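S.K.: here is the input, now give the coordinates:
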Amino acid sequence: MTNDNDTCHVLLIEDKLENIQLLQDLLFQSQHSSLAKGLTFPITCVTTLKESLQSLKAHQFDVILLDLDLPDSHGLDTLIKLRENVTNIPIIVEMDGQSEGAVVESFQLGADGYLQIKSLDSNLLIHEIRLGIERQKYRSKINQKQQEIRQEQEFSDLDDLIKSSRDTSVTARLFGAYPLQESLPDIFDELAENYGKLLDLALEQRMFKVDYNISEKLRTLGEKLGFLKASPRDAIEIHTKVLKEKSKDVPMAKAQAYVVEGRLMILELMGYLASFYRKYYIGLSNINLSARKDYR
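M.R.: So this is what the prediction gives:
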């Protein structure tokens, strides 16, 4: 529960006065139910989807009771919009008059339970709330496990890519350079630190719709790597080091956000590194051509 083990905070999203009164009465009566097991159910009521999103930003809730037909949203689209904004709170929908197919579809779209208002009593309501909370806990565990597996696979793929490039790096063969992590460890760590800061800024940019000009900063980083005669493997090693460090001791959702954002960043960085070398070889070719003309 959000604050203590004796309180279950309920957000009721409902605009019909008779349903609001019924649910408030049933939750008040629930303190005498054996199913409540000492829990109390303070309830906050809002009448529109817009109000609910504002309330969810300002307060913590343990469960949401949702009327699908609101003044500003109707049907299962209401559930979809709410679930897009709420990932870790159980949602129990009111389904009076809905077909069995609609009930099944609501579960597929993220509901954790449903209520038949016309046949509802205090025990049924508390039972559905408890069941919805348990369903959400189970779903969260499954999602976290799946994310952990995807993250482990991501790191494994990156490590394999680094290993496979050890003896085939084009720039290493051309320049006779050793990996930056071995030859210039201090500079490698500095580059990784800068890349990590860019990754944090990229997440903020996506979440808060601000502009940190990440692309230009990545271009500058790509040029630094180029001047150091770095290979694609060096870029991947920097990326892998940062991802592993950022993923430690953070919620799985944030770790996954780093992974997803990092995929875009490493591709962009590799593009800038490749662009640097294209310009370098064009310049080198022009110098060689000029030298040949002078020689003649």
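
S.K.: kindly report the domain assignment for the chain.
M.R.: If you go by automatic domain parsing, the domain ranges for the chain are 10-139, 165-295.

S.K.: adding distance to residue 146, mean neighbour count and mean pLDDT, write these out as JSON lines.
M.R.: Any C-beta I mention is one placed from the backbone N, CA and C, and that applies to glycine too. Below are those laid out as JSON lines (distance: least, CB to CB, whole Å; neighbours: other CB atoms under 10 Å; pLDDT from 0 to 100):
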{"stretch": "domain 10-139", "distance to residue 146": "11", "mean neighbour count": "17", "mean pLDDT": "89"}
{"stretch": "domain 165-295", "distance to residue 146": "10", "mean neighbour count": "16", "mean pLDDT": "81"}
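
S.K.: take those and write them to CSV, including distance to residue 156.
M.R.: CSV is the format used below for the domains of the chain (distance: least, CB to CB, whole Å):
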stretch, distance to residue 156
domain 10-139, 26
domain 165-295, 10
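
S.K.: would you map the helices across the stretch 51-200 of the chain?
M.R.: 76-85, 100-108, 122-164, 170-175, 180-183, 185-208 (DSSP state H, counting those that start in this stretch).

S.K.: would you mind giving those as JSON lines with distance to residue 237 added?
M.R.: Listed next are these as JSON lines, based on distance: least, CB to CB, whole Å:
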{"stretch": "helix 76-85", "distance to residue 237": "36"}
{"stretch": "helix 100-108", "distance to residue 237": "42"}
{"stretch": "helix 122-164", "distance to residue 237": "6"}
{"stretch": "helix 170-175", "distance to residue 237": "12"}
{"stretch": "helix 180-183", "distance to residue 237": "6"}
{"stretch": "helix 185-208", "distance to residue 237": "8"}
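
S.K.: how far away is residue 205 from residue 212?
M.R.: 5 Å (CB to CB, to the nearest Å).

S.K.: to residue 29, which of the helices of the stretch 51-200 of the chain lies closest?
M.R.: Closest to residue 29 of the helices of the stretch 51-200 of the chain is helix 122-164 (CB to CB; 4.5 Å).

S.K.: starting at the chain centroid, how far to the closest one?
M.R.: For helix 122-164, the distance from its own C-alpha centre to the chain's C-alpha centre is 12 Å (CA atoms, centre = their mean, to the nearest Å).

S.K.: again with stretch 86-104
M.R.: 24 Å.

S.K.: ok, residues contacting that stretch?
M.R.: Stretch 86-104 is touched from outside by 14, 19, 56, 61-68, 76, 79, 82-83, 106, 110-118, 128-129, 132-133, 135-136, 140, 253, with contacts defined as CB atoms under 8 Å, 6 or more residues apart in numbering.

S.K.: 7 Å - rerun?
M.R.: Stretch 86-104 has contacts (CB atoms under 7 Å, 6 or more residues apart in numbering) with 56, 61, 63-68, 79, 82-83, 106, 110-118, 128-129, 132-133, 135-136, 140.

S.K.: before we move on, the earlier item: with respect to residue 278, which of the helices of the stretch 51-200 of the chain lies nearest?
M.R.: helix 170-175 (12.3 Å).

S.K.: ok, which of the helices of the stretch 51-200 of the chain comes nearest residue 229?
M.R.: Between those, helix 170-175 lies closest to residue 229; by CB to CB that is 4.5 Å.

S.K.: residue 157 is nearest to which of the domains of the chain?
M.R.: Smallest distance to residue 157 across the domains of the chain (CB to CB): 9.8 Å, for domain 165-295.

S.K.: so how far is that closest one off the chain centroid?
M.R.: Put simply, domain 165-295 sits 24 Å off its chain's centre (CA atoms, centre = their mean).

S.K.: which SS class is residue 243?
M.R.: helix (DSSP: H, G, I helix; E, B strand; the rest coil).

S.K.: thank you, goodbye.
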